[in-house]
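**Q** Sequence and predicted structure are below.
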Amino acid sequence: MRSDFIILIPVFFCLLFGCRGQEQEPAPVSVPDTVQVPVPEKIIPLGCQGCHATVVLDKNHNITCTDCHQGNSDTNKKEVAHQGLIAAPAHPDQMSATCGQCHSDQLENCKESSHLTLRNEVNQIRTHFGIEQSLNGLTEIPESQADPPQNKEQLVNDLMRRRCLRCHLYTAGDHYPYVRRGVGCAACHLHYSGGKLESHSFILPKEYQCLSCHYGSHVGADFVGSYEHDYNWEYRTPYLPQTPFERPYGVEQHQLVPDIHKQRGLTCVDCHQKEELSGQQERVKCTHCHLLDEQSPENIPDNEEADNDERAEQDILLLSKDGKVRTIPTLKHPAHAKYKGRVTCQVCHAQWSFNDQTTHLMLSYSDDVDPWEWLTVQSSAWVEYFLDHNLYSDEDELDPSMRDSISGEMKPGIWYLGFGQRRWEDIPIRRDKDGIIKVFRPILDLYISAIDEDDAPLFDNLSGNNSGLLPYAPHTTGHAGLFYENRFRHLLDNDAQ
């Protein structure tokens, strides 16, 4: 028994150790770094709302997206859904077929309104420079095929197409945060913020929408007390190093006293209502609200049943667009009767006025931008970009060119702008050709020049037919003060004082 045990021990160790040496090493196991878990494909619902789920319409526009934008709403494939898509249905070229489906009367009036056509501005500038042919609007401004312009008319037309009339309803405004907006109907009735559409709810125009066009040294900016700084960096504040600085309206602004109507909580559309803006009614006058015997707007209660004595004692009530009822002061001061028909309201009541003298504009084909280093702020995002790039960038310089804001085409030559002086404290007061004393503004005090690629002058300081002063109603209304007559006493006839 013992001998059997002894024999088994060597056999056991032989099996345990001797046979192991003949086995192959196991192959290493490959462990993936990440485990690939199949993800189910996201199911996008059919229709526009599948991708644009956050778009909400107001209760008055309970319609489908394709009613305005066209396209195909029966698919969730972008390339199919966007076939035939109209990205900007409110554009003047599209609005009759879209907005006009329900608002045909408003569209017909809008087509002839000065807000859309800018015919007044176009013809004023052309007439000032001796161009007799009258145009129906900015889209009729001839596009010169000559490069550079060969005569004064071609130069003036190019000025308007590329520099002056950039803020119109055919474009989405300049590339500044508070200026970028919609086109056509959307410019006034949709909410944009920072250049982006915030809502598809159509609304009554707000003040910020009016200011997206009426900023800078235009009527509207004065209503809120804004006056542009000069373009030269020595006359702008705050003083900043040469680094990018966001200017919501393109140029820094002085904050002057706002109009008293603004201080009382009124907005643009409380006075300037749709009938006036569409050209169906004459421009609103102060007396439409402040005199009971004038034809008043629809938000002034009817007082025709009262006789003259009763009217003098009545309060005039205004129902403003915010739903509040406000009492309007009547014209009880004896000066109103004394100077009625002889002196306009703002001669006494304007607190300040736009008085930019003189405005210089130059079309340049030269790539020398060094003389403009102190005037890189130009109230034009493209001109500013061009100057900053060619002055400070290490990349290849850009050719001097600028977009035609009507056709959208880039053309050689770039328009620079500067002022002789910018003031607000001295209000120009003159007697107009109708004999009435009014506030004036040097809005057409323009001098136009052009130079070629070698800095040689093509046109030198072309001016208009007169001083460029035009009657103007500053939206800076306030109390007249004790010495209001000193503003215009020297213009009165001695026998009528």
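**A** Received, thanks. Residues are numbered from 1 along each chain as shown.
**Q** ok, and the closest non-adjacent residue to the most centrally placed residue in the chain?
**A** Nearest to the geometric centre of the chain sits Ser212, at 2.9 Å (Cα atoms, centre = their mean). The shortest distance from Ser212 to any residue other than its chain neighbours is 4.4 Å, reached at Arg181 (Cβ to Cβ, 6 or more residues apart in numbering). Every residue, glycine included, has its C-beta placed from N, CA and C.
**Q** Now that that neighbour has come up, it's in contact with His191, right?
**A** No - the criterion here is Cβ atoms under 8 Å, and Arg181 misses it with His191 at 9.4 Å.
**Q** quick one: common contacting residues for the two?
**A** Gln209 (Cβ atoms under 8 Å, 6 or more residues apart in numbering).
**Q** So for these two, which residue has more residues nearby?
**A** More crowded of Arg181 and His191, by other Cβ atoms under 10 Å: Arg181, with 25 against 18.
**Q** Quick check: the more buried one vs Gln106, distance?
**A** Counting by Cβ to Cβ, to the nearest Å, the gap from Arg181 to Gln106 is 19 Å.
**Q** Any regions of the stretch 251-400 of the chain where pLDDT drops low?
**A** 292-314 (pLDDT under 70).
**Q** Tell me where it has strands.
**A** For the stretch 251-400 of the chain, the strands defined by DSSP state E, counting those that start in this stretch occupy 253-255, 316-319, 325-328, 355-364.
**Q** CSV please, covering these and showing distance to Ala480 and mean neighbour count.
**A** Listed next are those as CSV, based on distance: least, Cβ to Cβ, whole Å; neighbours: other Cβ atoms under 10 Å:
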stretch, distance to Ala480, mean neighbour count
strand 253-255, 23, 14
strand 316-319, 19, 16
strand 325-328, 17, 12
strand 355-364, 19, 20
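**Q** Of all those strands, which one comes closest to Gln154?
**A** In terms of Cβ to Cβ, the element of those nearest to Gln154 is strand 355-364, at 10.5 Å.
**Q** That closest one pairs with which strands?
**A** strand 414-423 (antiparallel), strand 446-451 (parallel) (DSSP bridges).
**Q** Skip ahead from the shortest one and say which helix or strand is next.
**A** Read that as strand 446-451. Using DSSP states H and E, the next helix or strand after strand 446-451 towards the C-terminus is strand 457-462.
**Q** about what we covered before: ok, of the strands paired with strand 355-364, where does mean pLDDT dip lowest?
**A** Lowest mean pLDDT of the strands paired with strand 355-364: strand 414-423, a mean of 94.
**Q** what's the average pLDDT for the next helix or strand after that one?
**A** Counting by DSSP H and E, the next helix or strand C-terminal to strand 414-423 is strand 429-431. For strand 429-431, the mean pLDDT works out to 96.
**Q** Strand 429-431 pairs with which strands, parallel or anti?
**A** Strand pairing (DSSP bridges) places strand 429-431 next to strand 437-441 (antiparallel).
**Q** pLDDT on the partner strand, on average?
**A** 97.
**Q** ok, and what's touching that strand?
**A** So strand 437-441 is contacted by 342-344, 346-347, 350, 353-355, 427-432, 469-474, 488, 491-492 (Cβ under 8 Å, 6+ apart).
**Q** Over to stretch 442-459?
**A** 124-125, 128, 148-149, 152, 155-156, 159, 354-368, 413, 428, 460-464, 466-470, 472.
**Q** so where do the strands sit in the stretch 101-250 of the chain?
**A** Going by DSSP E, counting those that start in this stretch, the stretch 101-250 of the chain shows strands at 191-193, 196-199, 226-228.
**Q** for the longest one, packing partners?
**A** Under the contact definition 3 or more Cβ pairs under 8 Å, 6 or more residues apart in numbering; DSSP states H and E, strand 196-199 sits against strand 191-193.
**Q** which other helices and strands contact the strand it packs on?
**A** strand 196-199.
**Q** Just checking: what are the partner strands of the strand it packs on?
**A** strand 191-193 (antiparallel).
**Q** thinking again about what came up before, enumerate every residue touching the residue nearest to Ser212.
**A** Ala172, Gly173, Ala187, Tyr192, Gln209, Ser212, Cys213.
**Q** Compare those and tell me which has the most neighbours.
**A** Going by other Cβ under 10 Å, Ala187 tops these with 27 neighbours.
**Q** so how far is Ile414 from it?
**A** 26 Å.
**Q** What of Ala337?
**A** 54 Å.
**Q** cool, Met95 as well?
**A** For Met95, the distance to Ile414 - Cβ to Cβ - is 32 Å.
**Q** Then Asn136?
**A** 29 Å.
**Q** how about the helices in the stretch 151-300 of the chain?
**A** 152-159, 186-189, 207-211, 260-263, 268-271, 274-277, 287-290 (DSSP state H, counting those that start in this stretch).
**Q** Of those, which is nearest Asn390?
**A** Comparing those by Cβ to Cβ, helix 152-159 comes nearest, at 21.4 Å.
**Q** ok so, going back, between Asn136 and Ile414, which has more neighbouring residues?
**A** Per other Cβ under 10 Å, whichever of Asn136 and Ile414 has more neighbours is Ile414, with 26 against 11.
**Q** for that one, what are its contacts?
**A** Per Cβ under 8 Å, 6+ apart, neighbours of Ile414: Leu363, Ser364, Val383, Phe386, Pro400, Ser401, Met402.
**Q** got JSON lines for those residues, with distance to Leu375 too?
**A** Below are the contacts of Ile414 laid out as JSON lines (distance: Cβ to Cβ, whole Å):
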{"residue": "Leu363", "distance to Leu375": "15"}
{"residue": "Ser364", "distance to Leu375": "12"}
{"residue": "Val383", "distance to Leu375": "10"}
{"residue": "Phe386", "distance to Leu375": "12"}
{"residue": "Pro400", "distance to Leu375": "15"}
{"residue": "Ser401", "distance to Leu375": "19"}
{"residue": "Met402", "distance to Leu375": "16"}
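**Q** just to revisit the earlier point, of the strands of the stretch 251-400 of the chain, which approaches Thr66 most closely?
**A** So among the strands of the stretch 251-400 of the chain, strand 316-319 is nearest, using Cβ to Cβ, at 38.5 Å.
**Q** Tell me the gap between the closest one and the middle of its chain.
**A** In terms of Cα atoms, centre = their mean, to the nearest Å, the centre of strand 316-319 is set 31 Å apart from its chain centre.
**Q** That one packs against which elements?
**A** By 3+ Cβ pairs under 8 Å, 6+ apart, strand 316-319 packs against helix 287-290, strand 325-328.
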